[in-house]
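K.L.:
generate coordinates for the sequence data below:
(2 chains)
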Amino acid sequence: TQLLEQSPQFLSIQEGENLTVYCNSSSVFSSLQWYRQEPGEGPVLLVTVVTGGEVKKLKRLTFQFGDARKDSSLHITAAQTGDTGLYLCAGEDDYKLSFGAGTTVTVRA
Amino acid sequence: DAGVIQSPRHEVTEMGQEVTLRCKPISGHDYLFWYRQTMMRGLELLIYFNNNVPIDDSGMPEDRFSAKMPNASFSTLKIQPSEPRDSAVYFCASSITDNEQFFGPGTRLTVL
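P.N.:
Numbering: from 1, shown residues only, chains lettered A, B, ... in the order given. Next comes the predicted model:
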């Protein structure tokens, strides 16, 4: 049973459009992390959120952590083809990461 | 600086054979993690080590799987005997205490 549910499973948009992916947890973790994984490579950490209500911005990416620390979202503004990849959220407890199934994002030129 | 190094990158073997996957963590990192990624189950933690000592192996699927870390710069994940359902991408990751985990490029295992 996946502790972390991600939606949507697939997302295809045109370059320049905005997109949001969601991560909902049945549990509260010590922290929640977002990763991006490209084909043939391992996941790469984008951000870690810890505090309920926290908002972090990384250039065109905005990450929000829900007040109850059970849900999170990733919003990309003006998507570029380089944003294409598998976006994974992961809950962390005692150094262990539990991953969601991921959202496959395709940005078309 | 070199990141996490895994070998081989691809492995094709026949059912019943022994498979050994290798990992060299980033120098100075004291945590090492082994993950498995499949389409059906996503990315799952198999086992992790701290200072070369296995801390949690609850994710290891069954006795056919074993992992060792004989020193701070080397770890192996062994499957004996291998089965077709073990086909997956196996990732090794390392970190310093509770900081960011750095993932290797993975080993794609195919068991025929």
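
K.L.:
count the residues that sit near the residue in chain B positioned nearest to chain A.
P.N.:
Relative to chain A, the nearest point of chain B is residue B:103 (2.9 Å; C-beta to the nearest C-beta). Yep, even glycine has a C-beta here, placed from its N, CA and C like the rest. Residue B:103 has 24 neighbouring residues, counting by other C-beta atoms under 10 Å in any protein chain shown.

K.L.:
got a list of what the closest residue to it other than its chain neighbours touches?
P.N.:
Spatial nearest neighbour of residue B:103, chain neighbours left out: residue A:42 (2.9 Å); criterion: C-beta to C-beta, 6 or more residues apart in numbering or on different chains. Going by C-beta atoms under 8 Å, 6 or more residues apart in numbering or on different chains, residue A:42 touches B:4, B:91, B:93, B:103-106.

K.L.:
which strand residues bridge the residue of chain B closest to chain A?
P.N.:
For residue B:103, the beta-bridge partners are residue B:93 (DSSP bridges).

K.L.:
for it, give me the pLDDT.
P.N.:
Note on residue B:103: pLDDT of 96.

K.L.:
next: residue A:31.
P.N.:
89.

K.L.:
got phi/psi on it?
P.N.:
phi -150, psi 160 (degrees, to the nearest 10).

K.L.:
that one reaches residue A:94, doesn't it?
P.N.:
No - counting by C-beta atoms under 8 Å, residue A:31 does not reach residue A:94; the two are 11.2 Å apart.

K.L.:
helix, strand, or coil at residue A:82?
P.N.:
Under DSSP: H, G, I helix; E, B strand; the rest coil, the three-state class of residue A:82 is helix.

K.L.:
give me the neighbour count for it.
P.N.:
9.

K.L.:
so how far is residue A:76 from it?
P.N.:
As judged by C-beta to C-beta, to the nearest Å, residue A:82 and residue A:76 stand 11 Å apart.

K.L.:
where do the contact lists of these two overlap?
P.N.:
Contacts common to residue A:82 and residue A:76, judged by C-beta under 8 Å, 6+ apart, are absent.

K.L.:
for the residue nearest the centre of chain B, give its distance to residue B:89.
P.N.:
When C-alpha atoms, centre = their mean is applied to chain B, the residue found nearest the centroid is residue B:34 (3.5 Å). Separation of residue B:34 from residue B:89 (C-beta to C-beta): 12 Å.

K.L.:
repeat for residue B:82
P.N.:
15 Å.

K.L.:
neighbour count for those two, which is higher?
P.N.:
residue B:82 (23 against 17).

K.L.:
quick revisit: so the residue nearest to the centre of chain B sits in a strand?
P.N.:
Yes - looking at residue B:34 with three-state DSSP, it is inside a strand.

K.L.:
can you give me the strands for chain B?
P.N.:
For chain B, the strands defined by DSSP state E cover B:5-7, B:10-13, B:19-24, B:31-38, B:42-50, B:53-56, B:65-71, B:74-79, B:88-95, B:102-103, B:107-111.

K.L.:
which elements pack onto the shortest one?
P.N.:
Right, strand B:102-103. strand B:88-95 (3 or more C-beta pairs under 8 Å, 6 or more residues apart in numbering or on different chains; DSSP states H and E).

K.L.:
10 Å instead, please
P.N.:
Using 3 or more C-beta pairs under 10 Å, 6 or more residues apart in numbering or on different chains; DSSP states H and E as the contact test, the elements touching strand B:102-103 are strand A:44-49, strand B:31-38, strand B:88-95.
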